[in-house]
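Trainee: structure of the sequence below:
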Amino acid sequence: MASVARPVAARRRRRLSRTAAVWILVGPYTVFLAVFGLAPAGYALWTSFVEDGSLSGSHWTAVFHDYRLADATAHVTTYLLLWLPILLLTVLSLAFTLHARPGRTTSVLQLVYYLPGAVTGSAAALLWLFMVSPDSSPFSPLLKLMDVTSATDALSGTSLIAVLTVMGVAVHAGGWIVVLYGALNALPKDVLEAAQVDGASAWRTMWHVKLPMVRTYVAFVLISSFAAGSQVFVEPTVLSTGAPGQISPTWSVNQLAYVYATQDGDFGKAAALSLAMLGVGVLAAWIVITRTRMYATHSPDSR
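Mentor: Okay, the predicted model is just below:
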């Protein structure tokens, strides 16, 4: 009996040690998620439905009847439809090219791709403000050839979305290229060699072997990029200083929420709009996760 009990006790100890290790890793994140994520979201939900001490949906009604919301939503939607495909195409093409042609310059190219992303936020917006100003831009001959005589010309109308798209790709692509390239390097070598032995071309290997095996990373890139793009705020805010009167202070949805909170002093409307943005982000993430089967697992017996 003692000989039987010892393996059972050993298995129990191993199980407990694995459980403890999981909680040590997940525990701090769970605490931060609860304190800085779920609690603020719950408070925002309460604030959005409370007016003068009583429950009311007037904040939500006022937000969705605000004429500025339609314009802000159209701006952000247009930006996402232009920026996201270009970003994904850039990241995938450069990461797969680096992996298909490894060499001495690979590390150097990774650094070159990543460098633009080292300057982010307001610093990146200020940098690009100089880049589109013919008086200070190193590309002033090209700008003058395009009839851009001032920063106002480059940041008005649809030109602003084009500038934001180029800026967004330059800032975000480098980091994702490094991440995806690392994922490609972790692919099983025997699978790639088997594809070569079967006569698969580089394109077919990329499309039918590599891409399905790194789909979870691509899904993560898409979810994170959608969240960042839908909450665009710093870039149009900073760029508006270079084109006074051309960029509305409520150009994006996030800017409109900021105006509600800071200029109007209406935290209920700001909370309602923020929660609506959170809902859109969660819905988009759910669609990507389900369509790409991001968390699907396959046991050896399920084949």
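Trainee: how about the helices in the stretch 201-303 of the chain?
Mentor: In the stretch 201-303 of the chain, the helices defined using DSSP state H, counting those that start in this stretch lie at 202-205, 211-213, 215-230, 234-239, 253-262, 267-292.
Trainee: elements contacting the fourth one?
Mentor: If I follow you right, that is helix 234-239. Counting contacts by 3 or more CB pairs under 8 Å, 6 or more residues apart in numbering; DSSP states H and E, helix 234-239 is packed against helix 121-131, helix 158-185. In short, each C-beta sits where N, CA and C put it, glycine included.
Trainee: quick one: distance of the longest one to the chain centre.
Mentor: Averaged C-alpha coordinates place helix 158-185 at 10 Å from its chain's average position (CA atoms, centre = their mean, to the nearest Å).
Trainee: so how many other residues sit close to His208?
Mentor: Per other CB atoms under 10 Å, the neighbour tally for His208 reads 12.
Trainee: oh, that last question was meant for Val234, not what I typed.
Mentor: Val234 - counted by other CB under 10 Å - has 17 other residues nearby.
Trainee: quick check: it vs His75, distance?
Mentor: As judged by CB to CB, to the nearest Å, Val234 and His75 stand 15 Å apart.
Trainee: returning to that earlier point: ok, of the helices and strands packed on helix 234-239, where does mean pLDDT dip lowest?
Mentor: Looking at these, the lowest mean pLDDT belongs to helix 121-131 (a mean of 78).
Trainee: now the helix or strand that comes right after that one: average pLDDT?
Mentor: Using DSSP states H and E, the next helix or strand after helix 121-131 towards the C-terminus is helix 140-145. Mean pLDDT, helix 140-145: 76.
Trainee: distance from helix 140-145 to the middle of the chain?
Mentor: Using CA atoms, centre = their mean, the offset of helix 140-145 from its chain centre is 32 Å.
Trainee: other residues contacting the very next helix or strand once past that helix?
Mentor: Under the assignment DSSP H and E, the closest C-terminal helix or strand after helix 140-145 is helix 151-154. Identification of contacts with helix 151-154 by CB atoms under 8 Å, 6 or more residues apart in numbering yields 129, 132-134, 143, 147-148, 159, 163, 242-244, 246.
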